[in-house]
Structures are given as structure tokens and as C-alpha cells.
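got a structure for you, letters missing:
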């Protein structure tokens with residue numbers, strides 16, 4: 001998928017302005033995958049074994065985890081797509097409909113999470129998961 005879909009799609013964008021982040025799933029951190037992503041993103045790769053280490057158990061720190069995936073999934077599956085084409089259309093539509101104002105709110109929330117974590121000296125904070 002990375003070679004056949006993701007990298008070709010990146011050719012339509014200024015990759016020098018993009019960062020890539022992924023979690024520590026084994027398939028994401030295989031040597032071949034990391035080498036391919038490093039070739040594409042250089043030092044702008046956030047991953048286990050990448051130039052910027054992915055923080056373990058950081059679901060309350062990562063906007064992709066605490067917000068985006070759930071938001072996108074709830075809208076993509078709202079009309080119960082029955083075909084792969086329908087699913088792909090829904091994904092494209094939902095992503096295209098995300099507005100900068102929404103992302104600004106997510107970043108504001110992310111910043112407040114960082115302050116809470118700093119104040120707690122990195123101790124567990126289960127209540128932060130429910131804050132948005």
C-alpha cells in the first residue's frame with residue numbers, strides 16, 4: 001500500500017512540508033517500511049525506530065488517536081457502505097470536509113493536554129481521555 005498508493009499520492013504534494021506519524025505496530029516498524037518512509041520523509045518521520053521516536057502509550061497525546069480516527073470512522077460508516085468504492089468515497093468526502101477551524105480546536109486541546117501532562121510530571125491521568 002505504501003509503495004503502490006501512498007507514495008504515488010504524495011507526488012501531488014510538497015512532501016518537504018509534511019511529517020509522517022505512525023504507531024508502533026510491528027508491520028509499521030519493519031526495517032523495509034522504516035527505510036522506505038525515511039527515504040520519503042527524512043527526519044520528519046515519527047515512529048518507533050524512526051528519527052523521532054513515537055511516544056509509547058500516547059493515545060491521550062496524539063490527536064490522530066484521541067480525535068481524528070474516531071471522528072472519521074463515525075462519519076465514514078454512518079451510511080453503512082456496502083462496497084469498497086462506497087467506503088473509499090466516504091473516506092475521501094469526510095477527510096475533505098474537515099475544516100481548518102476544527103483542526104485549530106484540536107490543536108488547542110492538544111496544547112492543553114501537554115500542559116496537564118507537564119503539570120502532573122507524566123503521572124497517569126485517565127480523566128484527560130474524556131476531555132475535548
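Structure's in. What do you need? All of these numbers come straight from a predicted model, not from anything done at the bench.

any stretches of the chain with poor pLDDT?
55-61, 120-132 (pLDDT under 70).

in it, where's the longest helix?
helix 100-119 (DSSP state H).

what helices and strands are in contact with it?
helix 63 (3 or more CB pairs under 8 Å, 6 or more residues apart in numbering; DSSP states H and E). (Each C-beta comes from the backbone N, C-alpha and C, glycine too.)

tell me which helix or strand residue 40 sits in.
helix 31-41 (DSSP states H and E).

ok, residues contacting that helix?
2-3, 7, 10, 15, 18-20, 22, 27, 45, 47, 49-51 (CB atoms under 8 Å, 6 or more residues apart in numbering).

what segments of this protein are strands?
20-21, 45-46 (DSSP state E).

which of those strands is buried the deepest?
Most buried of the strands of the chain, by mean neighbour count (mean count of other CB atoms under 10 Å): strand 45-46, with a mean of 19.

can you name every helix or strand that the helix or strand following it contacts?
Next helix or strand after strand 45-46 toward the C-terminus (DSSP H and E): helix 63. Applying 3+ CB pairs under 8 Å, 6+ apart, we find helix 63 packed against helix 100-119.

tell me the gap between the helix it packs on and the middle of its chain.
Chain-centre distance of helix 100-119: 15 Å, with CA atoms, centre = their mean, to the nearest Å.

buried residues, that helix. List them.
106, 109, 113, 117 (16 or more other CB atoms under 10 Å).

what's the neighbour count on residue 85?
A count of nearby residues for residue 85, using other CB atoms under 10 Å, gives 9.

that one and residue 92, how far apart?
Distance of residue 85 to residue 92, computed by CB to CB, to the nearest Å: 11 Å.

what does residue 117 give?
34 Å.

burial count for the closest residue in space to residue 110 that isn't next to it in sequence?
With sequence-adjacent residues excluded and distances taken as CB to CB, 6 or more residues apart in numbering, residue 110 is closest to residue 63, at 5.3 Å. Residues lying near residue 63 (other CB under 10 Å) number 15.

residue 81 too?
Using other CB under 10 Å, the number of residues around residue 81 comes to 15.
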